[in-house]
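S.K.: my questions are about this predicted structure, shown below with the sequence.
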Amino acid sequence: MLDGRPILVMPDLEKLSGYEAALAKGWSPDPRRIGDTGFIEAELQNLRNDPAAYLDKLMGRHASAERQISDTAMALTNHTFWIWDGEFCGKIDLRYLPVSWTVPDSIPGHVGYSVVPWKQGRGYATAALDALLQFAKSRGLSELDILCNEENLISRAVIERVGGKLVRRAPHPSDRPEQQKLFFKVPLV
C-alpha cells in the first residue's frame, strides 16, 4: 500500500495463497461469473492441482492466449495485475492487440477488474484503474474502451471518475444477449 492506496503487483506463486483464499470465499476473478459456484470451484481445483500452471494460464503464458482474429492468428497482449494493500484485494487486466492497440470484438474492452467483496467501498477499484491507465499510457495506448453492465452503478462511477465518457449502450458478444453493457472511452492524457 502506498499513501493509503493499494498498488498493482505482478501475480506470483508467493502471493497466490491470497488469490486462492479469495476464490475459497466465493470471489470470482470474472465479474460476469459472480455467484457461479461451478466456475469458482473449477478455478479453485485447477489452482490447487498445479499452482504454477494456473499462474501461467492467469498470466496468459499458454497456447490459448492466441486467438483467431480476421483469419490471422494474432497474440492478444494481456497484462494481469493483482490489487494489493499488503494482501490480495482483487485483479485488473489490460488487454490489446499489438500495433493497432485495439481489442477484438469478442473481448469485452481493454480492461477487466474485480475487487473482492470485503475490500469494496474503499476506492480500490478507482485507484487500481487509475494506476492501470498510467501503465497503458506508458505502453503507447492513447485511449481505452471499458465496458460495464448497465445496472452496475458502482463500476460506472469508477470508470467515470477516471475520465470515462459513455459512448453507447448495447449488448456485447462476450455476454448474454439480453445483458446491456455501457461502453466508455477513456482518453489517456
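M.R.: Sure thing, it's come through.
S.K.: what about Cys148, neighbour count?
M.R.: By other C-beta atoms under 10 Å, the residues close to Cys148 number 24. All C-beta spots, glycine's among them, are computed from the backbone N, C-alpha and C.
S.K.: can you check Pro117 too?
M.R.: 13.
S.K.: quick one, longest helix in this structure?
M.R.: helix 124-138 (DSSP state H).
S.K.: quick check: buried residues in it?
M.R.: Within helix 124-138, the residues that count as buried by 16 or more other C-beta atoms under 10 Å are Tyr124, Ala125, Thr126, Ala127, Ala128, Leu129, Ala131, Leu132, Leu133, Ala136.
S.K.: quick check: the fourth one touching Gly4?
M.R.: Pointing back at Ala127 there. No - counting by C-beta atoms under 8 Å, Ala127 sits too far from Gly4 to count as a contact (9.2 Å).
S.K.: which residues touch the host helix or strand of Glu43?
M.R.: Assigned by DSSP states H and E, Glu43 belongs to helix 37-49. For helix 37-49, contacts defined as C-beta atoms under 8 Å, 6 or more residues apart in numbering pick out 16, 19-20, 23-24, 26-30, 33, 53-54, 57.
S.K.: show me which of these are buried.
M.R.: Buried by 16+ other C-beta under 10 Å: Leu16, Tyr19, Glu20, Leu23, Trp27, Ser28, Pro29, Tyr54, Lys57, out of those.
S.K.: the buried residues of helix 124-138 into a markdown table, with extra columns for pLDDT?
M.R.: Output for the buried residues of helix 124-138, formatted as a markdown table (pLDDT from 0 to 100):
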| residue | pLDDT |
| --- | --- |
| Tyr124 | 97 |
| Ala125 | 96 |
| Thr126 | 97 |
| Ala127 | 97 |
| Ala128 | 97 |
| Leu129 | 97 |
| Ala131 | 96 |
| Leu132 | 97 |
| Leu133 | 97 |
| Ala136 | 96 |
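S.K.: hey, where'd the helices end up in this structure?
M.R.: For the chain, applying DSSP H gives helices covering 16-24, 37-49, 51-58, 124-138, 153-161.
S.K.: can you add distance to Lys185 and give those back as a markdown table?
M.R.: Shown next, in a markdown table, are the helices of the chain (distance: least, C-beta to C-beta, whole Å):
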| stretch | distance to Lys185 |
| --- | --- |
| helix 16-24 | 31 |
| helix 37-49 | 30 |
| helix 51-58 | 28 |
| helix 124-138 | 12 |
| helix 153-161 | 10 |
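S.K.: I'd like to know which of the ones you listed lies nearest to Gln180.
M.R.: helix 153-161 (12.0 Å; C-beta to C-beta).
S.K.: show me the two of the buried ones among the contacts of helix 37-49 that sit farthest apart.
M.R.: Trp27 and Lys57 (17.6 Å).
S.K.: just the pLDDT at Leu94, thanks.
M.R.: What the model reports as pLDDT for Leu94 is 96.
S.K.: do Trp84 as well
M.R.: Reported pLDDT for Trp84: 97.
S.K.: contacts only, for the spatially closest residue to it that is not a sequence neighbour.
M.R.: Take Trp84 and drop its neighbours on the chain: the residue closest to it by C-beta to C-beta, 6 or more residues apart in numbering is Val9, 4.5 Å away. By C-beta under 8 Å, 6+ apart, the contact set of Val9 is Lys15, Phe81, Trp82, Trp84.
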